[in-house]
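> turn this into a structure:
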Amino acid sequence: GHSYIQYISPRAYSFGIYERPDASGDLWRDVLNRYEDDVSSSGAKAVGRRVPVASAIGQGRAYTIERNVDAAKKPFVSHSREIVLRGDHRVVIVQIVLQAENLAVVDDELMRVITTLEVL
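Residues are numbered from 1 along each chain as shown. You can find the predicted model right below:
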């Protein structure tokens, strides 16, 4: 029931922005706690959490998430970087999913997107 934008890159990663149900005026620790609870309840694991992130306008916290994904041949572990960002009127998750263990192969491509992102 919330807005989202998703892009699947030919370089084999997924980039999405998902609106969260949290109110932008909620306490930051409550927003982060609810997000962390949502991650845990889905069976995923936060292996890195609450790393401060700067965007064009807004504050954020980055997480590194591991999820077990069922696949046709055999299950695999999906790695994602998820950034909780808060603007004046909404809270969003920026999610970057890549099969590699880190985002180094796409850092240059995505750094500009994150640093210029405005959550209104």
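
> can we go C-alpha only for contacts and neighbour counts from here?
Noted.

> and the helices in the protein?
Remark: helices assigned in the chain by DSSP state H are 28-41, 107-116.

> to residue 71, which of the ones you listed lies closest?
Among those, helix 28-41 comes nearest to residue 71, with 20.2 Å by CA to CA.

> so what touches that closest one?
Outside helix 28-41, the residues that touch it by CA atoms under 8 Å, 6 or more residues apart in numbering are 22, 45, 46, 84.

> 7 Å instead?
22, 45 (CA atoms under 7 Å, 6 or more residues apart in numbering).

> got the buried residues for that helix?
31, 32, 35, 36, 39 (16 or more other CA atoms under 10 Å).

> and the nearest residue to residue 8 once chain neighbours are set aside, how many neighbours does it have?
Take residue 8 and drop its neighbours on the chain: the residue closest to it by CA to CA, 6 or more residues apart in numbering is residue 14, 4.5 Å away. Look at residue 14: counted by other CA atoms under 10 Å, it has 16 neighbours.
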